[in-house]
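A.B. asks: Have a look at this prediction, sequence included:
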Amino acid sequence: MKPLIGITTYGAGEKTVINPAFDVHFATPALYVDAIRRAGGAAALLPTGEDDIDPWLSTLDGVVMSGGADICPSRYDGDTTHPSVGPVCPARDRAEIALTRALLKHGKIPVLFVCRGMQILNVTQGGTLHEHITDLGKGDIHRDEVAYWAKQPVELDEHSVLARAAGQNRVTTMSGHHQGVKTVGKGLRVLAKAEDGIVEAMEVEGHSFALAVQWHPEASAAEDQSQQNIFDAFIAAALAYKQS
């Protein structure tokens with residue numbers, strides 16, 4: 001049987017929909033599902049607000065912590081009045097931090113943290129974030145205001161699980177974030193940095209497969225084999241966990 005992969009969703013009402021009759025909903029970009037299916041996995045959505053996540057932990061073979069809204073700065077002792085912090089979703093912050101803690105305590109379920117997901121991991125482990133990267137005075141190479149996705153090269157630690165998963169040390173990433181890791185959380189190892197010094201990838205030390213990337217591998221996985229390779233390796237790890 002295929003490994004079952006849970007994907008965290010946007011918070012209820014975090015994104016607008018065309019049909020005004022459904023203004024509160026849970027959703028996730030189809031690109032995550034597509035990449036998981038290509039890799040041989042089956043996808044299930046994990047909506048925010050579940051009080052008892054034990055059934056998830058006993059059923060799922062892997063988890064993708066997906067992208068989305070800014071994390072509320074109060075979660076990392078940041079500036080809650082910063083004008084560039086977008087609308088936040090406290091319920092999602094609370095739910096994903098709790099899920100991350102449970103996953104790390106479990107210690108065996110493979111996890112892929114994407115963009116906001118990497119920031120959630122860092123904050124969960126006591127790290128902090130830059131509320132707005134351009135405040136550092138080094139420009140903004142992580143977003144494209146016209147096409148949204150900014151393409152940027154990233155050099156990976158050649159000895160890391162991530163580099164082995166991607167199949168190469170230098171990858172072209174699709175980014176769309178304005179925040180980033182400031183201080184690294186406990187038990188996390190940096191695997192890559194962008195040209196401006198912003199952390200682009202991390203791993204959980206001592207975990208067989210708990211990888212975090214600041215970019216969106218699902219956005220280019222259909223055309224870029226190195227990015228699909230990340231999902232392939234993730235699903236392979238999930239299958240191994242399922243069969244263990």
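C.D. replies: In hand now; what should we look at?
A.B. asks: Look at the residue most central in space within the chain and report its pLDDT.
C.D. replies: In the chain, the C-alpha closest to the average C-alpha coordinate belongs to residue 114, at a distance of 1.7 Å (C-alpha atoms, centre = their mean). Residue 114 is assigned a predicted lDDT (pLDDT) of 98.
A.B. asks: Surely it is in contact with residue 65?
C.D. replies: Yes. With contacts counted by C-beta atoms under 8 Å, residue 114 reaches residue 65, the gap being 6.5 Å. Glycine gets a C-beta too; all of them are placed from N, C-alpha and C.
A.B. asks: can you map out the strands along this structure?
C.D. replies: Ranges of strands within the chain are 4-8, 42-46, 62-65, 111-114, 129-130, 150-155, 170-175, 180-181, 188-193, 199-204, 210-213, based on DSSP state E.
A.B. asks: so which of those strands gets nearest residue 74?
C.D. replies: Of all the strands of the chain, strand 129-130 sits nearest to residue 74, with 11.7 Å by C-beta to C-beta.
A.B. asks: List the contacts of residue 65.
C.D. replies: Neighbour list for residue 65: 8, 96, 99-100, 111-114, 116-118, 120-121 [criterion: C-beta atoms under 8 Å, 6 or more residues apart in numbering].
A.B. asks: Adding distance to residue 181, write these out as JSON lines.
C.D. replies: Converted to JSON lines, these look like this (distance: C-beta to C-beta, whole Å):
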{"residue": "8", "distance to residue 181": "19"}
{"residue": "96", "distance to residue 181": "16"}
{"residue": "99", "distance to residue 181": "19"}
{"residue": "100", "distance to residue 181": "15"}
{"residue": "111", "distance to residue 181": "17"}
{"residue": "112", "distance to residue 181": "17"}
{"residue": "113", "distance to residue 181": "11"}
{"residue": "114", "distance to residue 181": "14"}
{"residue": "116", "distance to residue 181": "12"}
{"residue": "117", "distance to residue 181": "12"}
{"residue": "118", "distance to residue 181": "7"}
{"residue": "120", "distance to residue 181": "11"}
{"residue": "121", "distance to residue 181": "9"}
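A.B. asks: Could you give me the ChimeraX selection string for whichever of the residues you listed are buried?
C.D. replies: The buried residues among the contacts of residue 65 can be selected in ChimeraX (16 or more other C-beta atoms under 10 Å) with this line:
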select :8,96,99,100,111,112,113,114,116,117,118,120,121
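A.B. asks: Which member of the contacts of residue 65 is positioned nearest residue 84?
C.D. replies: residue 116 (15.4 Å).
A.B. asks: Determine how far the lowest-mean-pLDDT helix or strand in the chain lies from the middle of the whole chain.
C.D. replies: Within the chain, confidence by mean pLDDT, DSSP states H and E is lowest for strand 150-155 among all helices and strands, at a mean of 93. How far strand 150-155 lies from its chain's middle: 17 Å, per C-alpha atoms, centre = their mean, to the nearest Å.
A.B. asks: try stretch 148-155
C.D. replies: With C-alpha atoms, centre = their mean, you get 16 Å for stretch 148-155.
A.B. asks: May I have it as CSV, with CA atoms only?
C.D. replies: Extracted in CSV, the C-alpha atoms of stretch 148-155 (Å, rounded to 0.1, in the frame of the first residue of the first chain):
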residue,chain,number,x,y,z
TYR,A,148,5.5,36.0,-7.3
TRP,A,149,8.1,33.3,-7.5
ALA,A,150,11.7,34.4,-7.4
LYS,A,151,14.2,31.9,-8.8
GLN,A,152,17.5,31.8,-6.9
PRO,A,153,20.4,29.3,-6.7
VAL,A,154,21.2,27.6,-3.4
GLU,A,155,24.2,25.6,-2.4
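A.B. asks: Many thanks, have a good one.
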